[in-house]
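**Q** Give me coordinates for this.
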Amino acid sequence: MEAEFKDAETFKKMMDSIGSLMSDVSIDFNEEGFAIKAMDPANIAMVLFEAKKSIFSSFNVDKPVKISVSLDDLGGILKLVKKDDKLKISDSKNKLVLDIAGKNKQHFAIPLIDENYTAQKIPQLKFTSEVTVLSSLIRDSIKAAVLVDDSVYFMVDRPRFIISSKSEEKEFSQELSINDNREIFDMKAESTTRSKYSIEYLTKFLYTADPDKPIKLSFSNNYPLKLDYEINSDASMSFILANRLE
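**A** Just a heads-up that it's a prediction; the model follows:
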């Protein structure tokens, strides 16, 4: 396996986001691109990442390959990547090789993790509500909600999408709706829906989301959340988050 990224900064941000949830990761390469499916150690959140081979300027993968590495090792190297640097990755003799080419050329090799690894199964979830909303609005609402509590409520009560948090002494709420300002791009709801989630995890999920692009939130009453967004035309991120009990 050997591949060179068109945009090393994008890969760096993706790994930063995943590294905030877990300490190591397995990346599945095939002829079409690569994917990551991983559960955090607390079994609270799952990350699903997919990238087409078009994310690379060159891509040579002739059979499926699984690369398992420490995100501490990988993240430390990726911190050195600057805008417009070229990043090439390959596997050789049980190591992941990374070559960074910019003003200077840097070469690294880090050990692959011995994998007694079982692929994560994506849970089959059925949602009663889906809201597609501008990423920056959710991010701003989360920043406001954390001033009140460490959890946030998402509620769909058509035509409103309500984000709120509450503690013994404080309260926060914000309403969004489908309108000319395009706060909400789309809303589907079988009934009024409300569920509670961790702000800490949501903040990590939104790290790589483009503030000017939409994200989709899918949930049901007191039920896990699925959060989806495109990073660019070549790559997409999804997260599944367990709900908090009322």
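**Q** residues touching the closest residue to residue 64 other than its chain neighbours, list them.
**A** Spatial nearest neighbour of residue 64, chain neighbours left out: residue 30 (4.7 Å); criterion: C-beta to C-beta, 6 or more residues apart in numbering. Every residue, glycine included, has its C-beta placed from N, CA and C. Counting by C-beta atoms under 8 Å, 6 or more residues apart in numbering, residue 30 touches 61, 63-65.
**Q** Show me what residue 30 is bridged to.
**A** The bridge-partner assignment for residue 30, based on DSSP bridges, gives residue 33.
**Q** how much space between it and residue 234?
**A** Computed as C-beta to C-beta, to the nearest Å, the residue 30 to residue 234 distance reads 15 Å.
**Q** Repeat that for residue 107.
**A** 26 Å.
**Q** my read: residue 182 touches residue 132, true?
**A** No: contact between residue 182 and residue 132 fails when scored by C-beta atoms under 8 Å: they sit 10.3 Å apart.
**Q** neighbour count winner among these two?
**A** residue 132 (17 against 11; other C-beta atoms under 10 Å).
**Q** tell me the contacts of the more buried one?
**A** Neighbouring residues of residue 132 by C-beta under 8 Å, 6+ apart: 184-187, 214-217.
**Q** same thing but 10 Å
**A** By C-beta atoms under 10 Å, 6 or more residues apart in numbering, the residues touching residue 132 are 161, 184-188, 214-218, 228-229.
**Q** Mind listing what's buried along stretch 74-93?
**A** For stretch 74-93, burial by neighbour count (16 or more other C-beta atoms under 10 Å) applies to 74-75, 77-78, 81, 85-91.
**Q** I'd like the residues you listed as a markdown table, with distance to residue 223 and secondary structure appended.
**A** As requested, the buried residues of stretch 74-93 are exported to a markdown table (distance: C-beta to C-beta, whole Å; DSSP: H, G, I helix; E, B strand; the rest coil):
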| residue | distance to residue 223 | secondary structure |
| --- | --- | --- |
| 74 | 33 | helix |
| 75 | 32 | helix |
| 77 | 38 | helix |
| 78 | 35 | helix |
| 81 | 38 | coil |
| 85 | 42 | coil |
| 86 | 43 | strand |
| 87 | 39 | strand |
| 88 | 42 | strand |
| 89 | 38 | strand |
| 90 | 42 | strand |
| 91 | 39 | strand |
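**Q** neighbour count winner among residue 107 and residue 234?
**A** For residue 107 versus residue 234, neighbours defined as other C-beta under 10 Å are more numerous around residue 234 (17 against 10).
**Q** The more buried one and residue 14 touch, don't they?
**A** No: distance between residue 234 and residue 14: 11.4 Å, which falls outside the contact criterion (C-beta atoms under 10 Å).
**Q** list residues touching both of the two?
**A** Joint contacts of residue 234 and residue 14 (C-beta under 10 Å, 6+ apart) are residue 51.
**Q** Helix, strand, or coil at residue 136?
**A** For residue 136, the assignment made with DSSP: H, G, I helix; E, B strand; the rest coil gives helix.
**Q** residues near it, how many?
**A** Neighbours of residue 136 using other C-beta under 10 Å come to 15.
**Q** Okay, the residue lying closest to it once chain neighbours are set aside and residue 178: tell me how far apart.
**A** Distances taken as C-beta to C-beta, 6+ apart put residue 211 closest to residue 136, at 3.7 Å, once the chain neighbours are dropped. For residue 211, the distance to residue 178 (C-beta to C-beta) stands at 20 Å.
**Q** More neighbours: those two, which one.
**A** Remark: of residue 211 and residue 178, residue 178 carries more neighbours, 17 against 12, as counted by other C-beta under 10 Å.
**Q** Quick check: bridge partners of the closest residue to the more buried one other than its chain neighbours?
**A** Ranked by C-beta to C-beta, 6+ apart and with sequence neighbours excluded, the top spatial neighbour of residue 178 is residue 184, at 4.7 Å. Beta-bridge pairing of residue 184 under DSSP bridges involves residue 133.
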